Structure formats: structure tokens, C-alpha cells
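Novice: my questions concern the predicted model and sequence given below.
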Amino acid sequence: MLSSNALASFVIAALVALGPLPAGAQNNAAPPPPAIADKVKLCATCHGADGLPVVEKVPIIAGQHTSNLRSDLREFRNGQRTSDLMGPIAKNLSGDDMTALAAYFSALPWPAYREPADAASITRVQALDAVEKCTSCHREGFVGVGNIPRVANQKLDYLIKTLSDFRDNKRPDMPSMTALVRNLSADDIAAMAHYLAGL
């Protein structure tokens, strides 16, 4: 596995190689403020210039809630959440950077991503009684609010990884989520992820 420094170096090298974002990138959004333009470009190397991530197990952040994005960046910077890639990047962000990045990405439209769930996954999720439990925080339609992320239409591989991390207590920043999913099997998690990705 690459070290944190090696991963950060890889992303920076990829960023340089990519050059400027193409015209029409970010769903024709207004360009980012000059103070964070390079940082937005860095984010886009993984999270996608059009809002769809280009790296495996990386979430959609375009259209995500401002408070949630800012909170995630703070947790990566403070070490409450760990990531060989996001940790080093977040450590170089000021509070103002985080606020500006969160505002920029939250203002973008959620990308057109959907992986419809099969009938078996939907039936399994209904049997788990997960919808009622999850929407108490993630709201009706799983659109989230404030610090609670939107998970409807989120990327399938990211959902599987995140739910698995909560279950396996690899995300100690959210003990309530760990308690909620600790008894789910791998098949349960896959069904839940397919259900959410297809909303």
C-alpha cells in the first residue's frame, strides 16, 4: 500500500498532468473563487470534474450538504476520520478553505448517477426494517439535512465501503451508525447500498 506522502504526491502529479478543467466542467457551474480554484481542481482529480467520481470508493460530493462537507473535511484534518489520501490533503486546508470548498461543491447539482436496485435487494432492505430507522436521520428519500449526508443516489462502491466501515467500527466518529449496522451481514450491506444507490 502506498504511504500517505506517496498517495498525496500521486494526486498532485495527476492534477498537474490533467491541466485546466475542460470547458463545461462541473456541470457548467460558475468557476470557483480564485482563492480555492487550485483546491477545487485537486478535489476533481478523484471526485470528478463533472461531479461523478473517477476513483473507486470515492463519494459524490457535488450537491452534498454544506455542513456535512465542512464537517467531513474537519474530521479528516483532525484525524477523527482516517484516509491515506484525504488526511494529508485536509491537513493543508485552513478553516476558510474548508468553508469555501464546502459552499462551492454543495452549490453544484447532484450528478446523474443511479444504479437501480434489483427486487431481491429491495425486499431484503424492507425485511431489515432499515428504511424507517435510517430516515429518522437521513430524512424521507434519504436526502439528508445539515450535517447528515444525502445518501440517495450515492455511489454504490462508496456506500458498501462506508456501511462496512461503520459495521466493523472503522469509523469511530459515528458510534450511532456503528450501533445501527453492527449486526448487518455483507449481503445485508450490499442490499442496502444497492437500494440507496438506486433511489
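Specialist: Perfect, I can see it now.
Novice: ok, Pro32 - contacts?
Specialist: Val40, Ala100, Tyr104 (C-beta atoms under 8 Å, 6 or more residues apart in numbering). In short, each C-beta sits where N, CA and C put it, glycine included.
Novice: where do the domain boundaries of the chain fall?
Specialist: What automatic domain parsing lists as the domains of the chain is 4-106, 119-197.
Novice: first to last residue in the last one, what's the distance?
Specialist: Put plainly, it is domain 119-197. 14 Å (C-alpha to C-alpha, to the nearest Å).
Novice: and if you look at stretch 76-83?
Specialist: Taking C-alpha to C-alpha, the first and last residues of stretch 76-83 lie 7 Å apart.
Novice: 6 is where my numbering starts, stick with that
Specialist: Got it, first residue is 6 now, which makes that one stretch 81-88.
Novice: give me the contact list for it.
Specialist: 77, 79-80, 91-92, 94-96, 98, 103, 176-178.
Novice: okay, Tyr118 and Val130: tell me how far apart.
Specialist: 19 Å (C-beta to C-beta, to the nearest Å).
Novice: actually Gln85, not the one I wrote
Specialist: Distance from Gln85 to Val130, by C-beta to C-beta: 29 Å.
Novice: the two: which is more packed in?
Specialist: Val130 (20 against 14; other C-beta atoms under 10 Å).
Novice: which residue comes closest to that one once chain neighbours are left out?
Specialist: Using C-beta to C-beta, 6 or more residues apart in numbering and skipping the chain neighbours, the partner closest in space to Val130 is Tyr200 (4.5 Å).
Novice: not counting sequence-adjacent ones, nearest residue to the most centrally placed residue in the chain?
Specialist: Nearest to the mean C-alpha position of the chain, counting by C-alpha atoms, centre = their mean, stands Pro64 at 3.0 Å. The shortest distance from Pro64 to any non-neighbouring residue, by C-beta to C-beta, 6+ apart, is to Tyr163 (4.5 Å).
Novice: tell me the contacts of the one you found?
Specialist: Pro58, Lys62, Val63, Pro64, Ile65 are the contacts of Tyr163 under C-beta under 8 Å, 6+ apart.
Novice: between those, identify the one with the most neighbours.
Specialist: Neighbour-wise, the contacts of Tyr163 (other C-beta under 10 Å) top out at Ile65, 23 neighbours.
Novice: need the contact list for that one.
Specialist: Ile65 neighbours (C-beta under 8 Å, 6+ apart): His52, Gly56, Leu57, Pro58, Trp115, Pro116, Tyr118, Asn158, Gln159, Lys160, Tyr163.
Novice: of the residues you listed, buried ones?
Specialist: His52, Gly56, Pro58, Trp115, Pro116, Tyr118, Asn158, Gln159, Lys160, Tyr163 (16 or more other C-beta atoms under 10 Å).
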